[in-house]
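Below: sequence and its predicted model.
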Amino acid sequence: MKTNTNNKVRGNGSLRLPPNSRNYQLVYYRHGKLYRESSHTSNERKARRLLQRRVAEAGSDFFVSPETRRIKVAELAEDFLRDYQLAERKTTADAKARWEHHLEPVFAHLPAAAVTSALGRFSQLLPRNPAFLRRIGFHETAIDRQMLALH
C-alpha cells in the first residue's frame, strides 16, 4: 500500500471529530467516491472498529452505501403500491390492504436491508401447521401471499 507524507497508510479510511460534535465521523473511499458517515459514538476505539468494518465492506462486492442503508421498508412499499396503481392492476386494493393491515405494523420502521434477515427469523418462528393457523384465524396460503409482497 502507498503511504502519504503523514505516514498514514492509504486505503484504511480515517476518523475525524467534527467541530461541535461528540461523535466521530468515518471517512473512506470506494472506487474514488468519498463516503462520510457518523459513527454514532464518541468512543474512538468503537469508531475505529466500525471504520475498519466499513473499509472492508467498501472493498467487497456486497457494499451498501450509507444512503441506501437509510431506506426504510415503508418507502419501498410506497413505491410498490404506486407502481400497482399506475399499472392499474386489479389486485391494487388487495395489495394495499395486505400492506396496511398485516405488513406495515411489523416491517415499516425497519431498514430495507434488514428485511431479509427479519423475514428469515419470522418464517422460522411461524409454525406450518394448518390446524394451528386456522385456529388463530389464518390460512397458510394467505400468510405466504402476504410474505410474497416483501420479496
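That came through fine.

For this structure, give me the ranges with low pLDDT.
Residues of the chain meeting the criterion pLDDT under 70: 1-10, 116-151.

quick one, strands of it?
For the chain, applying DSSP state E gives strands covering 14-16, 25-30, 33-38.

Tell me which of those strands sits most buried.
Of all these, strand 25-30 has the most neighbours on average by mean count of other CB atoms under 10 Å, namely a mean of 17. Using the backbone N, CA and C atoms, a C-beta is placed for each residue, glycine as well.

in its sheet, what does it sit against?
strand 14-16 (antiparallel), strand 33-38 (antiparallel) (DSSP bridges).

Nearest to residue 68 among the strands of the chain would be which one?
Proximity to residue 68 (CB to CB) singles out strand 33-38 among those, at 11.2 Å.

rewinding a little: tabulate the strands of the chain (JSON lines), appending distance to residue 66.
Putting these into JSON lines (distance: least, CB to CB, whole Å) gives the following:
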{"stretch": "strand 14-16", "distance to residue 66": "15"}
{"stretch": "strand 25-30", "distance to residue 66": "9"}
{"stretch": "strand 33-38", "distance to residue 66": "4"}
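
Tell me which of these approaches residue 61 most closely.
strand 25-30 (11.3 Å).

Nearest to residue 113, out of the strands of the chain?
strand 33-38 (14.3 Å).

how does this protein divide into domains?
14-63, 73-148 (automatic domain parsing).

how about the helices in this structure?
In the chain, the helices defined using DSSP state H lie at 44-58, 66-69, 73-86, 92-98, 104-107, 115-125, 130-135, 140-148.

which secondary structure elements does the fourth one contact?
Right, helix 92-98. helix 73-86 (3 or more CB pairs under 8 Å, 6 or more residues apart in numbering; DSSP states H and E).

got the CA positions of the helix it packs on in PDB?
What follows is helix 73-86, C-alpha atoms only, in PDB (Å, rounded to 0.1, in the frame of the first residue of the first chain):
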ATOM      1  CA  VAL A  73     -39.400  -0.600   4.100                       C
ATOM      2  CA  ALA A  74     -42.200   1.900   4.200                       C
ATOM      3  CA  GLU A  75     -40.600   3.900   1.400                       C
ATOM      4  CA  LEU A  76     -40.300   0.800  -0.800                       C
ATOM      5  CA  ALA A  77     -43.900  -0.200   0.000                       C
ATOM      6  CA  GLU A  78     -45.000   3.300  -1.100                       C
ATOM      7  CA  ASP A  79     -43.200   2.900  -4.500                       C
ATOM      8  CA  PHE A  80     -44.600  -0.700  -4.800                       C
ATOM      9  CA  LEU A  81     -48.200   0.500  -4.200                       C
ATOM     10  CA  ARG A  82     -47.700   3.500  -6.500                       C
ATOM     11  CA  ASP A  83     -46.400   1.200  -9.300                       C
ATOM     12  CA  TYR A  84     -49.500  -1.100  -8.800                       C
ATOM     13  CA  GLN A  85     -51.800   2.000  -9.200                       C
ATOM     14  CA  LEU A  86     -50.000   3.300 -12.300                       C
END
